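Undergrad: what's the 3D shape of this:
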Amino acid sequence: MSPAGEPPHVLILGGTGEAYSLAAALAGRGGLRVTSSLAGATTAPRLPDGVCRIGGFGGSEGLRGWLVAERVALVVDASHPFAQAISRNAREAAARFGCRYLRLERPGWRAGPGDRWHRVADLAAGLARLEALGVRRVFAALGARAVPQLAGAAPHFVVRGIEPPSLLPANVTWLGGRGPFALDAEHRLLQAERIEALFCRDSGGTGARAKLDAARRLGLPVVLIARPAAPAVDTVPDVATALDRLDALFGTKGGVPDEVGASGERRGQRG
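TA: Purely as a prediction, here's the structure:
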């Protein structure tokens, strides 16, 4: 914990649009010491405002040691909704050290009129559903680590990301790109690649929503992997609520910057 006389130290576990927006909002406030942490999954990540560290902590025990050494008062876990290991390590480390833990997680997506969504429990169930649908070309938005698990599946997959995985299965085409992506551009991409279905995780947010809306326009089915079961922890759905919580905890003041929307994503930034 921060000693008397020192500003409380807040660690943001980031990589999401919400994490970048929270760091930007807190950079304009006084009374707090803020550090953002990125996993280092890409060689040239976009850096958040303020102090940033890149790379893993060495599991739960390594993170606990860092919290102790840096006298952290609050961990804001704004990692991706499917980053289970990171969140688990953060909860355990905060509990063992005795500092506060706050989960910042955007709500999942909801289907609307015209959507043809098939919700599944995991990647294996999703592959089985795609096979049952009989589709031949699938746009997959599952994260680079999931790409090897697509090997041997019946469809051909088109996958997009910042950096390609070291091994690319024969049934996968890689496209380079960094979001956000506009609806019209996603529409054109799905048409150009002759996509017959979309396969993705229920990541939520607005930054990655355009591909779902493009699939609706084209009448394509979407196979959507449900989020893992969430533990009972202190959770807020957006940056504005997270800032209110920090105000209550530490007596800080200030609003969300103009460029940060209610969802917590900066305009023009990816989720």
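Undergrad: Pass me the low-pLDDT residue ranges in the stretch 151-271 of the chain, would you?
TA: 253-271 (pLDDT under 70).
Undergrad: Near Arg110, how many other residues are there?
TA: 9 (other C-beta atoms under 10 Å). In short, each C-beta sits where N, CA and C put it, glycine included.
Undergrad: Per-residue pLDDT of it, please?
TA: Arg110 carries a pLDDT value of 95.
Undergrad: That one and Arg33, how far apart?
TA: Distance check for Arg110 against Arg33: by C-beta to C-beta, to the nearest Å, it reads 38 Å.
Undergrad: Which parts of the stretch 151-271 of the chain are helices?
TA: For the stretch 151-271 of the chain, the helices defined by DSSP state H, counting those that start in this stretch occupy 183-192, 210-218, 239-250.
Undergrad: quick one, strands of the stretch 101-250 of the chain?
TA: For the stretch 101-250 of the chain, the strands defined by DSSP state E, counting those that start in this stretch occupy 116-120, 137-141, 156-161, 172-176, 197-201, 221-225, 235-236.
Undergrad: Relative to Glu61, which of these is closest?
TA: strand 235-236 (24.4 Å; C-beta to C-beta).
Undergrad: contacting residues for the residue most central in space within the chain?
TA: Among the residues of the chain, the one closest to the centroid is His80, at 2.8 Å (C-alpha atoms, centre = their mean). His80 makes contact with Gly15, Thr16, Ile86, Ser203, according to C-beta atoms under 8 Å, 6 or more residues apart in numbering.
Undergrad: cool, and Ala230?
TA: Contacts of Ala230 were listed using C-beta under 8 Å, 6+ apart, and they are Glu105.
Undergrad: Please report how far it lies from Pro164.
TA: In terms of C-beta to C-beta, Ala230 sits 31 Å off from Pro164.
Undergrad: Let me see the domain layout of the protein.
TA: Domain segmentation of the chain under automatic domain parsing yields 9-107+230-250, 116-225.
Undergrad: distance between the shortest one and the chain's centre?
TA: Domain 116-225 sits 16 Å away from the centroid of its parent chain (C-alpha atoms, centre = their mean, to the nearest Å).
Undergrad: now do the first one
TA: On the basis of C-alpha atoms, centre = their mean, the separation between the geometric centre of domain 9-107+230-250 and that of its chain is 13 Å.
Undergrad: Need the distance between the two termini of it.
TA: Terminal residues of domain 9-107+230-250 lie 10 Å apart, using C-alpha to C-alpha, to the nearest Å.
Undergrad: what does the last one give?
TA: In domain 116-225, first residue to last residue: 14 Å (C-alpha to C-alpha).
Undergrad: Who are the contact partners of Ala182?
TA: Ala210.
Undergrad: on that earlier part again, pick out the most distant pair among the contacts of His80.
TA: Farthest-apart pair in these is Ile86 and Ser203; separation 14.7 Å (C-beta to C-beta).
Undergrad: The two - which one has more neighbours?
TA: More crowded of Ile86 and Ser203, by other C-beta under 10 Å: Ser203, with 22 against 19.
Undergrad: thought the more buried one was touching Pro81?
TA: Yes - at 6.0 Å, Ser203 and Pro81 qualify as touching, with contact defined as C-beta atoms under 8 Å.
Undergrad: can you list residues touching both of those two?
TA: Gly108.
Undergrad: what's the angle between the strand or helix carrying Ala19 and helix 239-250?
TA: Assigned by DSSP states H and E, Ala19 falls within helix 17-27. Interaxial angle, helix 17-27 versus helix 239-250 (axes from the mean of the first three to the mean of the last three C-alpha atoms, to 10 degrees): 50 degrees.
Undergrad: circling back to that earlier point, out of the strands of the stretch 101-250 of the chain, which is closest to Leu67?
TA: Closest among the strands of the stretch 101-250 of the chain, once you apply C-beta to C-beta, is strand 235-236, at 19.7 Å.
Undergrad: Pairing partners for that closest one, with directions?
TA: When pairing is defined by DSSP bridges, strand 235-236 lines up against strand 100-104 (parallel).
Undergrad: Mind checking the pLDDT average for the longest helix seen in the chain?
TA: For the chain, the longest helix by residue count, based on DSSP state H, is helix 84-97. Helix 84-97 shows a mean pLDDT of 96.
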